[in-house]
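[1] Just a sequence and a predicted model for now, questions to come.
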Amino acid sequence: MAQLKIALFCSGGMSTSLVGSKMQKVYDSEHKDVQVDAYDLGMVDEVGGGVDVIMLAPQIGWAYDQVKQSYPDTKIIKLTMQEFGSMNGQVLVDRLAQEGIEG
């Protein structure tokens, strides 16, 4: 199975890279072939087409419909404040599993 690529987007990129690295640690500890990267929303057109999952931080939840329209074949997930604010990689990995996405 090919590597699962997940892109996390937010408005600044700082908190997302922290959350992304925590998610990466969870996947690594489970020996899953998953790559999690964090980006500023301005990068969505550059990287959106090359990933399997796009995760949107709550502060850019307004962009969901636009991103969904641009990438109809990509799984788009809008995170809640609780999920994102938890800064817990396991919480987000579990959310993806609920959506049927596992590495």
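    The structure has been received and is ready for your questions.
[2] Would you mark the buried spots in stretch 22-36?
    For stretch 22-36, burial by neighbour count (16 or more other Cβ atoms under 10 Å) applies to 22, 23, 24, 26, 27, 34, 35, 36. Where C-beta positions appear, they are placed from N, C-alpha and C, glycine not excepted.
[3] Just give the nearest non-adjacent residue to the first one, would you?
    If I follow you right, that is residue 22. Nearest non-adjacent residue to residue 22, counting by Cβ to Cβ, 6 or more residues apart in numbering: residue 89, 3.2 Å away.
[4] check contacts around that neighbour.
    19, 21, 22, 23, 24, 25, 26 (Cβ atoms under 8 Å, 6 or more residues apart in numbering).
[5] which residues are contacting the helix or strand where residue 47 lies?
    Element membership for residue 47 (DSSP states H and E) is helix 44-47. Helix 44-47 is contacted from outside by 7, 9, 37, 39, 54, 63, 67, 70, using Cβ under 8 Å, 6+ apart.
[6] Using PDB, write down the CA coordinates of it.
    Written as PDB, here are the backbone C-alpha positions of helix 44-47 (Å, rounded to 0.1, in the frame of the first residue of the first chain):
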ATOM      1  CA  VAL A  44      -3.300  24.600  -0.500                       C
ATOM      2  CA  ASP A  45      -3.100  25.000  -4.300                       C
ATOM      3  CA  GLU A  46       0.500  23.900  -4.300                       C
ATOM      4  CA  VAL A  47       0.200  20.800  -2.200                       C
END
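[7] average pLDDT for it?
    What helix 44-47 shows for mean pLDDT is 96.
[8] List the buried residues in it.
    Within helix 44-47, the residues scored as buried using 16+ other Cβ under 10 Å are residue 44.
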